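J.: Sequence first, then the predicted structure, then my questions.
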Amino acid sequence: MTTFMDVAHKVHDGERLDAADALVLLRHPNIAAVGQLADEMRARLHPHGEVTYIVDRNINYTNVCVTLCKFCAFYRRPGDPEGYDHPLETILEKIRETKALGGTQILLQGGHHPDYDIERYEALFRGIKTGEPIHIHGLSPSEVLHCAKVSKLPLDDVLARMAAAGLDSIPGGGGEILVDRVRKIISPLKTKSDEWLGVMGAAHRQGLRTTATMMFGHVETLEERVEHMSRVRDLQDETAGFTAYIAWTFQAPHTQMADVPMVGGYDYLRTAAVSRLFIDNIENFQASFVTQGLDLGAVGLTYGMNDLGSVMIEENVVSAANCECLVEISEMEKHITAAGFTPRRRNMFYDRVDDRGQIVERHHDPAWAAANPAGDVRPSAMAEQLAALG
Amino acid sequence: MTLSSSAAPHTLTQLAPELIPLRDKVLAGERLTLDDGRLMFATKDMNGLAALANHVREERHGSRTTFTFNRHLNYTNKCLYRCMFCAFRRDGTEPDTVVMDEAFVRHKLLTEFTDEMTEVHVVGGINPDLPFEYYTGLLRTIRDTRPHLHIKGFTMIELNHMAEIAEQPVEWVVEQLKDAGLASCPGGGAEVLSPRVHRKLYNGKLPPHEWIATTKVVHRAGLKTNATMLFGHIETTDERLEHMDTIRKVQDETGGFMQFIPLVFHPENTPLERLGKTTGLDALRTIAVSRLMLDNVPYIKAYWVMLGLKIAQVAQWYGADDIDGTVVEEHITHDAGATTPQGMTTAQMAGLIREAGRDPVLRDTLYERLQPIAD
């Protein structure tokens, strides 16, 4: 039987943890002890004592969706009078507001709208890049696959055309739990595990960075949490394309799963810390203040997390499930400071930026540079800023 | 018992260097100094601080976390004082001014309290309209209507006010109240026991030295009390530590405190709204420091109404061994913007504790009856 001490020694020695180790930690009652281990690992990877956050805006271009996930309070079926599909001008206006607030990117996500084929997405991305250029952190594996299906095109072609039209990186939404038993229960019509990982792998191989998420605290077992982490770690070994990992808890109110008891702060911290410890090949771990609140989210910074996510100029998907957590930048920085860290603003690549969103310090990711044929390159607008830095 | 550091739990061997001398003192059972306290407020090693506080907490209370089946009764919100941190008080002219008369209290007790509840928590504003007989009457009404309830009532502020209107010493007041059914006193009204903070935020209300003197009278009369500290406004770290030290000294003398309760200041709807609320990390740190500094106070409470449920859960690994009670109807913190529920059921309380990896134990006010709640 593996004990907590066995795992602790492995962590001290920098050894990779296996599934049994992770389960020992996920069952260990003393969360602060697990946090201490995760913090040790965080300090090894980020010894500078900085905690980052990003100023960006969620733009949900449409809420029309045919996927009907039970945990989602955001979607409307096609034909529903509450359905919307933002015209380009609405999106450009939101980007202008974002830039005025020093935002560095938009998080552009939407439902699986039956009319969104590749031409529609190309027009959207090009429209943004010509109308109001900004980093587009957009879609999710299931949206990409939905587009491939609607357009009757191979995945690689769709990704290549999206990237050419202006998609800069892909968020890790829809990761949920990468175990098909779980996915069949909570989102039977959405991507299966292999599909989700397939899109991320294909994106990485085309030079697109992405993040990875885990939504836990619903029907999954602890073993399935570990399997999820394991699958993400395996892909990262291969591609090094994930910039960050974000674990968050299922938010029950207003969904079809409102009767599922919600995970509290205790299990959140422990699971987040174990993610950091188990997934030893992703650099950045975000604390989810959107689901946990700033008070507990910031406690996550002492449990191995090194980023507090986005100040979220707008957020629809989670807030429809009754979560109002938009925060002032000063509040964000206050909480980071209280955790004992220096707050720094970043972009998607963890370059440090100033309050206008201009890069002031380049972040190097040697694993990605080694794995990606093109090296650690940036989209053109950022490349100019980096060149100016020297 | 003295433990060598090699025999200490793993978490205690992984501390930041500045915490090592503190650990050794804690393991040797030595009292921590104000300088030690300053170090604990300054260290960046939150997990190490948690490990130290948790060590003491588990030595004393094992893995249990207690709670009570109680209900609050705020008999009036009309108040003479204008404390800067208060959103509960009313002048008396507002339509939502409350003064509960005997019939109202009796009705409330009959309809809103149950036989299973063990405690009623009675506090109110300093209402100049009420004669001394109101308070003894209130206690008798409660005792007659629900004789099994433990009446935990009246802060030191209220007791002093009663002494003034009765033109009698506090000793006399306490005897009268005891006679009418008072069984213990809550810890509210201590705020921050600092003359500077008193002058700036709650001038007019009972000053720190009189809060202390009144507490000693109550303890000498054989009643247990709690002690609170309202933190996260204008007070300095040193003022927090001096507050803890004051409580510790009183406790050395009287042994009358049961719980120490660090309370997070809620600024909404108060004149101090611009200050904002302090962080969850500050709350956890303050709880941990309280556990370590107050070596002679048996219990440290994480009051969920003010901390929020998530931090109250986590706090059980940062030194807290109690999360208060079901409360049911809370006005003082909710008037100041708290978003926690108004009340919790005992099943919810037990679940909250169990989910945090602790063993829920239902207690009565004086910890005389302890009932583990099975899964």
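T.: Arrived safely, thanks for sending. Numbers count the residues shown, from 1 in each chain, chains lettered A, B, ... in the order given.
J.: okay, CA-based contacts and neighbour counts for the rest of this
T.: OK.
J.: can you tell me the residue of the stretch 51-200 of chain A closest to chain B?
T.: Chain B sits closest to A:Val51 of the stretch 51-200 of chain A, with a gap of 13.4 Å, by Cα to the nearest Cα.
J.: Each with direction, which strands does the helix or strand encompassing that residue pair with?
T.: Assigned by DSSP states H and E, A:Val51 belongs to strand A:50-54. Here strand A:50-54 has these sheet partners by DSSP bridges: strand A:307-310 (parallel), strand A:342-346 (parallel).
J.: Can you find the residue of chain A that comes nearest to chain B?
T.: For chain A, Cα to the nearest Cα, closest residue to chain B: A:Asp295, 4.2 Å.
J.: Helix or strand: which one has residue 197?
T.: Just going to use chain A. helix A:193-205.
J.: could you do chain B instead?
T.: helix B:195-201.
J.: in whichever helix or strand comes after that helix, what's buried?
T.: Once the chain leaves helix B:195-201, the next helix or strand it forms, by DSSP H and E, is helix B:208-220. Under the neighbour-count criterion of 16 or more other Cα atoms under 10 Å in any protein chain shown, helix B:208-220 has B:Pro208, B:Trp211, B:Ile212, B:Thr214, B:Thr215, B:Lys216, B:Val217, B:Val218, B:His219 buried.
J.: need the residues of chain A near chain B, please.
T.: Contact residues, chain A versus chain B (Cα under 8 Å from any Cα of the partner chain): A:5, A:29-33, A:35-36, A:264-267, A:294-296, A:298-299, A:302, A:334-335, A:338-340.
J.: nearest residue to A:His86 other than its sequence neighbours?
T.: A:Tyr61 (5.3 Å; Cα to Cα, 6 or more residues apart in numbering or on different chains).
J.: so who does the one you found touch?
T.: A:Asp85, A:His86, A:Ile91, A:Leu108, A:Gln109, A:Gly110 (Cα atoms under 8 Å, 6 or more residues apart in numbering or on different chains).
J.: And it, how far from B:Glu191?
T.: Distance of A:Tyr61 to B:Glu191, given as Cα to Cα, to the nearest Å: 50 Å.
J.: Over to A:Val311?
T.: Counting by Cα to Cα, the gap from A:Val311 to B:Glu191 is 33 Å.
J.: average model confidence for the helix or strand just after the helix holding A:Leu197?
T.: For helix A:193-205, the following helix or strand on the C-terminal side (DSSP H and E) is strand A:209-216. Mean per-residue pLDDT for strand A:209-216: 96.
J.: angle of the helix or strand following strand A:209-216 against helix A:193-205?
T.: Next helix or strand after strand A:209-216 toward the C-terminus (DSSP H and E): helix A:222-239. With axes from the mean of the first three to the mean of the last three Cα atoms, to 10 degrees defining the directions, helix A:222-239 sits at 30 degrees from helix A:193-205.
J.: Name the residues of helix A:222-239 that are buried.
T.: Neighbour-count burial for helix A:222-239 flags A:222, A:224-233, A:235-237, A:239 (criterion: 16+ other Cα under 10 Å).
J.: Among the contacts of A:Tyr61, name the buried ones.
T.: A:Ile91, A:Leu108, A:Gln109, A:Gly110.
J.: before we move on, back to that, thought the residue of the stretch 51-200 of chain A closest to chain B was touching A:Asp307?
T.: Yes - with contacts counted by Cα atoms under 8 Å, A:Val51 reaches A:Asp307, the gap being 5.2 Å.
J.: residues shared between the contacts of the two?
T.: A:Leu301.
J.: So for chain B, which residue is the most central one in space?
T.: Residue closest to the average C-alpha location in chain B (Cα atoms, centre = their mean): B:Ile261, at 3.5 Å.
J.: Could you check which helix or strand contains A:Ile59?
T.: Per DSSP H and E: strand A:56-60 holds A:Ile59.
J.: Distance from the chain centre to that strand, please.
T.: The chain centre lies 13 Å from the centre of strand A:56-60; the measure is Cα atoms, centre = their mean, to the nearest Å.
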